[in-house]
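1. got a predicted structure plus its sequence, pasted below:
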Amino acid sequence: MNRQVVKNTVVTLDYSVTDPDGELVDAGQEPLVYLHGGYDDIFPMIEEAVQEKRIGESVIVKMQPDDAFGEYDADLIQIEPRTGFPEELQVGMQFEGVPDSDDDDDILIYRVTEIADDKVVLDGNHPLAGMALVFTCTVTDVRPASAQEIEHGHIHEGDCEHDD
């Protein structure tokens with residue numbers, strides 16, 4: 001069957017992400033499966049690129065930071081007292097937190113980027129913020145979305161498919 005990527009299809013992509021110099025950023029260990037058609041399941045530039053592609057076809061999408069994870073925001077760096085953290089603290093650990101600014105109540109994931117004697121540096125930026133990315137993908141499957149998936153705006157995976 002030569003199914004095509006169109007609105008309200010569930011698309012499976014094998015992918016990898018590199019920086020503009022070809023350094024691997026994400027090896028795409030697991031295929032990316034999403035509901036196609038403007039449901040914000042995937043970056044719009046990628047969705048545009050695979051529109052009307054068929055199984056086996058590939059695309060390469062070069063994205064600037066604004067098209068991907070946004071510009072790096074220095075305001076999302078916070079320095080906190082070491083006493084507010086667990087004893088077993090390591091660079092790379094993640095914590096939920098609210099930015100210092102009063103204008104929103106968004107909860108962000110902060111990564112520990114540095115640990116000094118009595119201070120911890122936290123970064124609320126996505127690890128890929130500020131980076132241009134090259135997204136290479138191949139369409140490996142296309143199927144019609146179910147009415148429920150379309151209604152909910154995202155795919156539904158079988159209960160058995162998740163590893164605990």
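-> Perfect, I can see it now.

2. I150 belongs to a helix?
-> Yes - under DSSP: H, G, I helix; E, B strand; the rest coil, I150 falls within a helix.

3. quick one: the closest residue to it other than its chain neighbours from Y34, how far?
-> Leaving out its chain neighbours, the residue that sits closest to I150 by Cβ to Cβ, 6 or more residues apart in numbering is N8, at 5.3 Å. Using the backbone N, CA and C atoms, a C-beta is placed for each residue, glycine as well. Distance, N8 to Y34, using Cβ to Cβ, to the nearest Å: 12 Å.

4. next: L128.
-> Taking Cβ to Cβ, one finds L128 at 18 Å from Y34.

5. re the thing from before, N8 and Y34: which is more packed in?
-> Y34 (19 against 15; other Cβ atoms under 10 Å).

6. tell me who's in contact with M45.
-> 61, 63, 67 (Cβ atoms under 8 Å, 6 or more residues apart in numbering).

7. which of those sits closest to G38?
-> Closest approach to G38 among those (Cβ to Cβ): D67, at 15.7 Å.

8. can you get me a residue count around the closest one?
-> The burial count for D67: 16, using other Cβ under 10 Å.

9. quick check, pLDDT for it.
-> We have a pLDDT of 94 for D67.

10. my guess is it contacts I42, does it?
-> No - D67 lies out of contact with I42 (Cβ atoms under 8 Å); the separation is 11.8 Å.

11. name the residues contacting each of these two.
-> With Cβ under 8 Å, 6+ apart, D67 and I42 have no common neighbours.

12. would you map out the domains in this protein?
-> 9-68+130-159, 74-123 (automatic domain parsing).

13. distance check, the closest residue to L108 other than its chain neighbours against T83.
-> Computed as Cβ to Cβ, 6+ apart, the closest residue to L108 that is not its neighbour in sequence is G124, at 4.1 Å. Plainly put, G124 is 20 Å away from T83 if you go by Cβ to Cβ.

14. likewise for R3?
-> 57 Å.

15. which one's more surrounded, these two?
-> R3 (14 against 8).
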